[in-house]
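**Q** Curious how this folds, go ahead:
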Amino acid sequence: MGSFFAGIKAGTLSGILYLGGLAAFNIALLYLLRPEVLSAIQQSYSSICGPAAVNGTSVDDCFSLVVSVYVPFDAFVGFFVALIYAGIFGVAYDSFPSRSPSLKGVLIAALVGFSLVYFDLSGFYFNAQSAEATTVFLAAWTVVFGILLGRLYKKYTRLVMFGSQVPKLLKVMVDGRDSTGKAKTFALTSTHKVRADVAEDASFKEWEPSGGVTLEDSKSFETLMEVNGDGSVNGNASRKY
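**A** Residues are numbered from 1 along each chain as shown. Predicted coordinates:
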């Protein structure tokens with residue numbers, strides 16, 4: 001369990017920086033290699049750009065179109081690809097094997113980078129030199145994106161540990177899932193339903209919250225939990241006879 005909305009929030013900020021940086025680098029590279037790019041455009045798209053163009057579009061016009069339209073459009077689409085993965089990252093955060101938020105972020109960022117390449121959203125390049133430069137920058141920038149995504153997600157969430165005094169008598173159910181003995185990540189200031197699943201020969205006693213966790217009614221077997229910081233919730237039960 002993790003927080004989808006915290007993932008989206010972290011993905012929005014880090015995704016803007018990530019795709020914005022990719023677009024800025026791509027545009028700078030196109031201008032840096034402008035002569036080679038113009039030549040490649042004229043050779044590959046002679047029917048559209050250049051003297052032989054049917055509609056009279058010049059090579060410079062096509063270059064400007066790539067810079068002002070196609071690169072920003074790819075960045076726009078790529079941002080939503082990153083946002084989808086950020087939401088998945090938020091939901092699956094607790095399932096990642098590593099404890100490091102940064103490493104978890106890098107793992108999901110690698111999938112984002114692969115998807116951008118697969119769907120041709122990583123940038124425009126017209127020769128081997130620009131392709132190599134874009135690949136190196138994409139790899140390094142993706143790592144930065146992953147680290148930022150993981151740290152922002154950690155900033156917007158808190159970790160809560162759920163325990164039971166006697167697990168055989170009481171199980172802690174959080175939003176309908178058995179969370180006994182588990183640590184779960186929740187969005188900061190979020191509210192969740194906590195219920196005690198008590199054995200037939202036992203009776204519920206109370207909840208014992210600690211840290212930044214508050215309960216609406218610690219004496220009720222079913223109550224609401226608000227997460228304002230890292231903490232824990234322990235359930236107590238005793239046998240009826």
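**Q** ok, what's across the strand from residue 209?
**A** residue 233 (DSSP bridges).
**Q** show me what contacts it?
**A** 215, 218, 225, 231, 232, 233, 234 (C-beta atoms under 8 Å, 6 or more residues apart in numbering). No exception for glycine: its C-beta is placed from N, CA and C like everyone else's.
**Q** now do residue 147
**A** Contacts of residue 147 by C-beta under 8 Å, 6+ apart are 102, 105, 106.
**Q** try 10 Å
**A** Applying C-beta atoms under 10 Å, 6 or more residues apart in numbering, we find residue 147 in contact with 14, 100, 101, 102, 103, 105, 106, 109.
**Q** And residue 187, by the same measure?
**A** 2-7, 9, 90, 153, 156-158, 227.
**Q** do the same with residue 18
**A** 11, 75, 78-79, 82, 109, 112-113, 116, 141-142, 144-146, 148-149.
**Q** And the spatially most central residue of the chain, how close does it get to residue 144?
**A** Among the residues of the chain, the one closest to the centroid is residue 86, at 2.0 Å (C-alpha atoms, centre = their mean). Between residue 86 and residue 144 the distance is 15 Å, computed by C-beta to C-beta, to the nearest Å.
**Q** cool, residue 25 as well?
**A** 12 Å.
**Q** Likewise for residue 161?
**A** Residue 161 is 31 Å from residue 144, by C-beta to C-beta.
**Q** now swap in residue 194 and tell me
**A** In terms of C-beta to C-beta, residue 194 sits 38 Å off from residue 144.
**Q** ok, those two, which is more surrounded?
**A** residue 194 (25 against 16; other C-beta atoms under 10 Å).
**Q** Isn't residue 156 up against residue 14?
**A** No: applying C-beta atoms under 10 Å, one finds residue 156 not in contact with residue 14, separated by 11.4 Å.
**Q** and those two? which has more neighbours close in?
**A** For the pair residue 156 and residue 14, the greater number of neighbours falls to residue 14 (25 against 21), based on other C-beta under 10 Å.
**Q** Check the secondary structure at the more buried one for me.
**A** helix (DSSP: H, G, I helix; E, B strand; the rest coil).
**Q** pLDDT (mean, whole number) over the one helix or strand residue 64 maps to?
**A** For residue 64, the element it lies in under DSSP states H and E is helix 59-65. Averaged over helix 59-65, pLDDT sits at 89.
**Q** Quick one: residues in contact with that helix.
**A** For helix 59-65, using C-beta under 10 Å, 6+ apart, the contacting residues are 30-31, 34, 37-42, 45-46, 48-51, 53, 55, 57-58, 70-71.
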